[in-house]
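1. Sharing a model that was predicted from the sequence below.
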Amino acid sequence: MGSFVLAKKGRHRTYTEMFYERSHRNRKVGCVQEVHVVKDWKELLGKPVADWVREKNGIINLNRSLAVYLRDPQNGYDPIYEMDVPFFGNPYLMEVEERAEPYKIEKNQDFLMEKAKLPTPLAFNSPEEIDRPVLIKASQFLKERAFARDFVVVNSTKEYYEKLKMVIGNASSDDKNFVETAFKSAPIQEYIPGDLLINLNYFYSPTWEDLEFLGADTRRQFGNGEEATHIPISLRESLLEQVVNMGWNLVKTIEEHYPQGMIGPFAIQCMGDAKETLRPIDLSLRMPGSPDAGATPYPFYLYGERIDFGRRCAMEIKDATYKETLDLILC
């Protein structure tokens with residue numbers, strides 16, 4: 001099973017040089033067999049890219065970058081759904097991450113976490129209800145970078161409107177309406193104090209009807225709030241029962257509300273509260289941004305060796321091919 005990469009010009013040398021497959025004497029280095037370079041991400045929506053993927057008998061693994069670069073303010077996720085390529089994963093779950101207009105949907109991640117009875121922080125229905133520190137869950141207020149998880153914290157109704165005025169004032173003239181709508185439509189949720197951010201990384205196998213915990217990580221940001229690094233972590237043993245219960249509850253809830261249900265990798269982002277409860281604040285129902293998951297002990301407990309998300313997806317595709325159940329994992 002080969003590794004083929006779609007890359008944007010200016011970010012392509014990582015794949016055409018650094019990680020490109022080649023030989024050093026009798027030793028193979030690199031893992032990328034071929035790279036298709038585009039000038040603009042929107043080219044991924046066109047026939048030439050689809051033809052290239054199909055020529056390679058390729059499968060695109062769902063990730064957040066598809067949504068960030070290819071969704072459209074007028075047509076939402078339709079351009080992605082209309083791509084003539086096979087996806088590993090359920091593409092209709094990408095919209096679940098949207099909390100703010102213009103992409104917000106009814107059955108989003110807050111809906112699913114509530115239905116799954118996950119121990120999410122207290123929600124507020126309006127700014128006027130704010131009586132304690134809260135998160136305004138509109139991510140960054142930049143149109144191009146609206147996928148970041150740097151939520152805004154405010155302490156009162158007055159501070160909410162002060163922050164709203166500030167982010168509108170800082171936006172460009174073209175983005176002011178977008179920013180105002182995103183801020184006002186964003187959920188308001190109780191802020192859990194502390195810096196204990198834990199990303200729980202799972203894999204659900206439709207082939208085996210089995211849930212796996214592939215690791216945990218935490219993140220660090222640049223000074224501007226943008227994500228910079230991923231740090232693998234292990235959890236205290238007594239916390240693992242929470243991990244198992246939340247994972248299964250979420251998978252079963254997704255099956256009830258979305259055709260084909262959960263397929264492959266996903267993550268639950270949590271804060272840890274003073275009662276040692278993991279409190280989910282965010283979902284990623286596709287390939288998580290956690291390249292270090294395999295460095296944690298949990299894949300070793302399952303497989304006796306390091307298994308990262310890319311390899312685990314490849315294993316699932318091979319198993320489904322053998323069992324003739326590719327229809328369960330490809331959309």
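-> Received it, and whenever you're ready, just let me know what you need. Computed from a predicted structure; not experimentally measured.

2. Where does the prediction get shaky in the stretch 51-200 of the chain?
-> Scanning the stretch 51-200 of the chain for pLDDT under 70 picks out the ranges 139-150.

3. Going along the chain, name the helices of it.
-> With helices called from DSSP state H, counting those that start in this stretch, the stretch 51-200 of the chain shows them at 64-70, 78-81, 109-115, 157-170, 176-185.

4. Tell me which of those lies nearest to residue 303.
-> helix 64-70 (26.0 Å; CB to CB). All C-beta spots, glycine's among them, are computed from the backbone N, C-alpha and C.

5. where do the strands sit along the stretch 151-300 of the chain?
-> 152-154, 188-190, 197-205, 210-221, 227-233, 264-272, 278-284 (DSSP state E, counting those that start in this stretch).

6. Is it possible to get JSON lines of the helices of the stretch 51-200 of the chain that adds distance to residue 218 and mean neighbour count?
-> Formatted as JSON lines, the helices of the stretch 51-200 of the chain follow (distance: least, CB to CB, whole Å; neighbours: other CB atoms under 10 Å):
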{"stretch": "helix 64-70", "distance to residue 218": "18", "mean neighbour count": "17"}
{"stretch": "helix 78-81", "distance to residue 218": "29", "mean neighbour count": "16"}
{"stretch": "helix 109-115", "distance to residue 218": "20", "mean neighbour count": "19"}
{"stretch": "helix 157-170", "distance to residue 218": "26", "mean neighbour count": "15"}
{"stretch": "helix 176-185", "distance to residue 218": "26", "mean neighbour count": "17"}
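
7. Residue 307 is nearest to which of those?
-> Here helix 64-70 is closest among those (CB to CB), at 21.4 Å.

8. what packs against the closest one?
-> In terms of contacts (3 or more CB pairs under 8 Å, 6 or more residues apart in numbering; DSSP states H and E), helix 64-70 is packed against helix 78-81.

9. list the contacts for residue 289?
-> Contact analysis of residue 289 by CB atoms under 8 Å, 6 or more residues apart in numbering lists 64, 227, 230.

10. Between those, which sits nearest residue 85?
-> residue 64 (17.2 Å).
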